[in-house]
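1. return atomic coordinates for the entry below.
(4 chains)
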Number of protein chains: 2
Amino acid sequence: MIRNDEEPVGLGALDRVTWALRRAELAVQSLKEQQLRPLGMAAAHYTLLMSVHDESGLTGAELARRLNVTPQAIASLVARLEGRGQLERREHSRHRHIQELHLTDAGREALHAADAVIAGIERQVTDGLGAEDSAQLRALLDRVVKTIRED
Amino acid sequence: MIRNDEEPVGLGALDRVTWALRRAELAVQSLKEQQLRPLGMAAAHYTLLMSVHDESGLTGAELARRLNVTPQAIASLVARLEGRGQLERREHSRHRHIQELHLTDAGREALHAADAVIAGIERQVTDGLGAEDSAQLRALLDRVVKTIRED
DNA sequence: AGGCATAAGTCAAACACTTGATAGTCGTGA
DNA sequence: TCACGACTATCAAGTGTTTGACTTATGCCT
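-> Here you go, the predicted model:
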């Protein structure tokens, strides 16, 4: 009853879990971007290449759904990566105007180099936290997603 | 012969802690954006107003550093919020061309309304996780930031 | 005092992403 | 068979952000 619902703004607003989440994600993402830059690859490019590598033959629309962006954003990225020869668009066997996305050898090579950087950051985090806490953090984060989605 | 030592690409790359972190942050941020939209306020606006409220008289450049964006992005936001009468720029006492940022009464009111929404999402997350796990999650996230920064 | 380094703010161009609208292609069912 | 619906891809316009270069103001140092 003595909750300070009277003055919700200002007290502890910066100590919230969702703020800590944002700060942590920003820190990690900034570091990734910074270390990926010398390789001439943005984090978004890495994410896309990794997704295609994980499941070859994905369509742009399917990719858009997985990465939570619009199909146009995907098209723009794909055009750029295709121009670099890291990605290729093939015609779907049945649906003629649908395009399957596949990595080229150059794309696999670039992804490999980029993933070494990302894996290094991942290791830096997991080493800093320890194996047990890392697993727990991942579990907690998955529960957050679940909590948000099932509202 | 040595094809892919340990095959770093492709195995478990999507199970990484930093991916879980990104997914969780994306989910939370999307929900915030979605619920803030009816109030005519973007998440970035809320973040800026809250920062200024937390420490009144901040400069644009200082704000840019805290929020991990460029000064131009701040200037754009500030111009918009100033146009709405939620924020005002005052001349710094010593440095003439430096501008201190302060909330107006309308700004405080808008922030109050927006914070009710954000607090609701925060409650949704903490209720879903429980008090103990919420505290632990926050502690783990802070350790992640610390690990990244002290590289 | 003069000169230089530091820092804040702003302008212009490029890039990325979103929203809204349009066209092409396939499967289904009347 | 053929029209309807669902899905994919793409174009156009608008918004927001970054990068790079420039201007202005302050403080320190010789």
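
2. chain A against DNA strand D: which residues are in contact?
-> Residues of chain A lying close to DNA strand D (C-beta under 7 Å from any atom of the strand) are A:Thr59, A:Gly60, A:Ala61, A:Glu62, A:Pro71, A:Gln72, A:Ala75, A:His95, A:His97, A:Ile98, A:Gln99. C-beta here means a position set from N, CA and C on the backbone, and glycine is covered the same way.

3. anything in the longest helix that chain A contains near chain B?
-> When chain A is parsed with DSSP state H, its longest helix is helix A:105-129. Yes. Helix A:105-129 reaches chain B (C-beta under 8 Å from any C-beta of the partner chain) through A:108, A:111-112, A:115-116, A:118-119, A:121-122, A:124-126, A:128-129.

4. I'd like the next helix or strand past that helix.
-> The helix or strand immediately downstream of helix A:105-129 is helix A:131-149, counting by DSSP states H and E.

5. verify the contact between A:Arg66 and A:Met50 for me.
-> No. Judged on C-beta atoms under 8 Å, A:Arg66 makes no contact with A:Met50 at a distance of 10.9 Å.

6. so for those two, which residue has more residues nearby?
-> Taking other C-beta atoms under 10 Å in any protein chain shown, A:Arg66 and A:Met50 do not tie; A:Met50 has more neighbours (19 against 14).

7. would that one count as being in a helix?
-> Yes. Counting by DSSP: H, G, I helix; E, B strand; the rest coil, A:Met50 falls inside a helix.

8. please report how far it lies from A:Ala43.
-> Distance of A:Met50 to A:Ala43, computed by C-beta to C-beta, to the nearest Å: 10 Å.

9. what does A:Glu109 give?
-> Taking C-beta to C-beta, one finds A:Glu109 at 18 Å from A:Ala43.

10. name the residue in those two with the higher neighbour count.
-> Between A:Glu109 and A:Ala43, counting by other C-beta under 10 Å, A:Ala43 is the more crowded of the two (19 against 12).

11. what values do phi and psi take at the most centrally placed residue in chain A?
-> Central residue of chain A (C-alpha atoms, centre = their mean): A:Thr47, 5.2 Å from the mean position. Phi and psi for A:Thr47, reported as degrees, to the nearest 10, are phi -60, psi -40.

12. next: A:Leu58.
-> Main-chain torsions, A:Leu58, degrees, to the nearest 10: phi -60, psi 150.

13. which residue, neighbours along the chain excluded, lies closest to it?
-> Leaving aside its sequence neighbours, A:Leu58 sits nearest to A:Leu101 (C-beta to C-beta, 6 or more residues apart in numbering or on different chains; 5.4 Å).

14. neighbouring contacts of stretch A:92-112?
-> Identification of contacts with stretch A:92-112 by C-beta atoms under 8 Å, 6 or more residues apart in numbering or on different chains yields A:39, A:41, A:46, A:49-50, A:52-53, A:56-60, A:63, A:78, A:81, A:84-91, B:4, B:8-9.

15. just checking, which of those belong to strands?
-> A:Leu87, A:Glu88, A:Arg89, A:Arg90, A:Glu91 (DSSP state E).

16. mind checking pLDDT for the closest residue to A:Glu122 other than its chain neighbours?
-> Computed as C-beta to C-beta, 6+ apart, the closest residue to A:Glu122 that is not its neighbour in sequence is B:Arg16, at 5.0 Å. In this model, B:Arg16 is scored at 91, pLDDT.

17. and the gap between B:Arg16 and A:Thr18?
-> From B:Arg16 across to A:Thr18, the span is 21 Å (C-beta to C-beta).

18. and what of A:Leu103?
-> 36 Å.

19. just A:Ser76 next, same as before
-> 30 Å.

20. more neighbours: which of the two?
-> Taking other C-beta under 10 Å, A:Ser76 and A:Thr18 do not tie; A:Thr18 has more neighbours (23 against 13).
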